[in-house]
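J.: 3D, please:
(chains A and B, ligands or ions: 2)
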Amino acid sequence: MSLLEIEDVDKSYGDEEVLHDVSLAMDQRDVDVIVGPSGSGKSTLLRCVNRLTEVDDGAIYLDGEEIHGMDENDLRRRVGMVFQDFNLFAHRSALGNVTLGLTEVLELSETEAKSRAEEFLGRVGLADQADSYPSQLSGGQKQRVGIARALAMDPDLLLFDEPTSALDPELIGEVLAVMEDLAEGGMTMLCVTHEMGFARSAASTITFLDGGRIVERGPPEQLFETPEKERTRTFLGQLTDLNR
Amino acid sequence: MAVAAPADLAAVLQTGDWAFVLGNWRVLLLGAVVTVVLMATSLTLGFLAGFPAGAVEAYGSGWTKELVSTAGVVLRGTPIVVLIVLFFFGIPVPKLGSVPVVDVRLSAFLAATLALGLRSGAYQSQVFRGAIQSIDEGQLEAARSVGLTHRQAVRHVIFPQAVRRSVPGFQNEFTIVLKDTSVAFAIGLAELLTRAENLYLQPGRDTAIMEVIIVISAVYFVLTFATNRTLDYLGDAFSIPEGSE
Ligand SMILES: Nc1ncnc2c1ncn2[C@@H]1O[C@H](COP(=O)(O)OP(=O)(O)OP(=O)(O)O)[C@@H](O)[C@H]1O
Ligand SMILES: [Mg+2]
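T.: Ligands and ions are numbered 1, 2, ... in the order given. A predicted model of the protein is given here:
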């Protein structure tokens, strides 16, 4: 059984159809990379998976369970999300960003939460920044705190929405390194990213989304080397050039 | 005329109207105490009413929100003197007697607290609502994304940031309430301005009007300044650390 199954999902905002008949399935330990032009519905698709947005039609299953029937907070505990703009809690230290979910959602004691948060900050290489506030961190550090915050909840699946596109070029590497580590460690990840190096090295599948429809989906070698659609070749070609 | 030498100044202060004002310092001090206490009770009531009202205006819906925002509009749209007089004469306040030393009628004090407090609540609610709405949407989404309920997210992520952002607005509101306590003069509450007036209305003391008014202006100024400084201090003490490593 797939860990995540998205089945014929439709989503419109007003008259604008943002997702049309989108279907995909991911197994445990899969790393799926979604690419597509601006406005193609990538963020919307991710947000449907943790129900920040509700689908109009179709269904999404997590571990065989239809997410619509689940308690949304429980779903979100199991599906972590990493944002383009980090969205760190501005009034809490790096440590406090990680502990909030631990104490409020997992109901760990302060001490347990603290030691667990320290462990996860250590895992993203920020053990020494635990007491820093978001405004005192670089973009790359902020994003790594964002990853630690999601990771500490012990999710079944992590969603990444363009985690590096707000970063200065020299800071992208440190975030991608953490993501590559996670992928190697067997974390199931659904990533919207235009980092083609990451896609080549870490992705099990690449999905090309355009105008709310899946144009093509397959293993990286196939999409990069022998795409079925000319549009896929052009788009991935442009991205690869951009990444150089 | 040259600037008075210290000796002359002392002489001036010992004669005539200045001497009269300074001789009555206890009266004015008690007035200042009443003013400060009235400010404190009004602001407390204002906060207790305004904080939830702001939250309801930001997050509520239906008739509760309607009710709260209408009450706010009415309170903000009515002159404060009218409110005080209305509360004093319009509401059947039980005869409560008066506080001995400061000579304050409790019914007047209660009416002034209600009027100043509820009106301040109406303004504080707007300060707080604005602060809540200025917090980036992403903060709430991030909190929801780790599994916090809406209520938990608002309590642990939105409110703590909104309260900090409210400090400048609260500062404004605090000084306005402090100065508006003088309006209780309209119902004869023995606060600073009322007592000041009682001084110069004594027979033959109308020459001391300027002196009395200058002194109480200075008192209001000092109180305002102290209030602002206190809030500055609190704002700094609880501010979110910034700056780069
Ligand atoms: N809350 C919303 N209300 C109305 N329209 C929306 C909303 N969210 C997204 N849209 C619209 O849906 C379309 C898809 O948006 P989405 O954010 O999913 O695209 P995207 O592929 O993530 O784009 P980008 O690369 O710019 O992030 C866009 O046209 C956008 O304007
Ligand atoms: Mg997007």
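
J.: of all the residues in chain A, which ones are close to chain B?
T.: For chain A, the residues in contact with chain B (C-beta under 8 Å from any C-beta of the partner chain) are A:50, A:52, A:73-74, A:76-77, A:80-81, A:83, A:85, A:87-91, A:100-101, A:104-105, A:132-133, A:135-137, A:146, A:149-150, A:153. Just so you know, the C-beta spots here come from the backbone N, C-alpha and C atoms, and that holds for glycine as well.

J.: OK, contacts around the most centrally placed residue in chain B?
T.: Nearest to the geometric centre of chain B sits B:Val177, at 2.6 Å (C-alpha atoms, centre = their mean). Counting by C-beta atoms under 8 Å, 6 or more residues apart in numbering or on different chains, B:Val177 touches B:Met39, B:Ser42, B:Leu43, B:Gly46, B:Leu116, B:Ser120.

J.: Kindly report the same for A:Lys11.
T.: A:Glu17, A:Val18, A:Leu19, A:Gly41, A:Thr44, A:Cys48, A:Thr53, A:Val55, A:Asp56, A:Gly212.

J.: Is there a quick ChimeraX command that grabs whichever of these are buried?
T.: Buried subset of these, written as a ChimeraX selection, criterion 16 or more other C-beta atoms under 10 Å in any protein chain shown:
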select /A:17,18,19,41,44,48,53,55,212
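
J.: What about the contacts of A:Lys11, which are in strands?
T.: Mapping these onto strands (DSSP state E) picks out A:Glu17, A:Val18, A:Leu19.

J.: sorry, back to before: among the contacts of B:Val177, which are located in helices?
T.: B:Met39, B:Ser42, B:Leu43, B:Gly46, B:Leu116, B:Ser120 (DSSP state H).

J.: excluding its backbone neighbours, what's nearest the first one?
T.: Translated: B:Met39. The shortest distance from B:Met39 to any non-neighbouring residue, by C-beta to C-beta, 6 or more residues apart in numbering or on different chains, is to B:Leu178 (4.9 Å).

J.: Kindly state the beta-bridge partners for the residue positioned nearest the centre of chain A.
T.: Central residue of chain A (C-alpha atoms, centre = their mean): A:Phe160, 1.7 Å from the mean position. Beta bridges link A:Phe160 to A:Val82, A:Cys191 when assigned by DSSP bridges.

J.: quick one: it from A:Glu7, how far?
T.: Distance of A:Phe160 to A:Glu7, given as C-beta to C-beta, to the nearest Å: 22 Å.

J.: What are the boundaries of the strands in chain B?
T.: B:98-99, B:104-105.

J.: For chain A, which of these is the nearest?
T.: strand B:104-105 (41.2 Å; C-beta to the nearest C-beta).

J.: So in that sheet, which strands flank that closest one, and in what orientation?
T.: strand B:98-99 (antiparallel).

J.: What is the burial count for B:Gly188?
T.: With neighbours defined by other C-beta atoms under 10 Å in any protein chain shown, the count for B:Gly188 comes to 13.

J.: surely B:Leu178 meets B:Phe225?
T.: No - the criterion here is C-beta atoms under 8 Å, and B:Leu178 misses it with B:Phe225 at 10.4 Å.

J.: neighbour count winner among these two?
T.: More crowded of B:Leu178 and B:Phe225, by other C-beta under 10 Å: B:Leu178, with 23 against 11.

J.: need the contact list for the more buried one.
T.: B:Thr35, B:Met39, B:Tyr220, B:Leu223, B:Thr224, B:Thr227 are the contacts of B:Leu178 under C-beta under 8 Å, 6+ apart.

J.: again, but for A:Thr164
T.: Contacts of A:Thr164 (C-beta under 8 Å, 6+ apart): A:Gln143, A:Ile172, A:Val175, A:Leu176, A:Thr193, A:Glu195.

J.: Compare those residues and tell me which has the most neighbours.
T.: A:Gln143 (29 neighbours).
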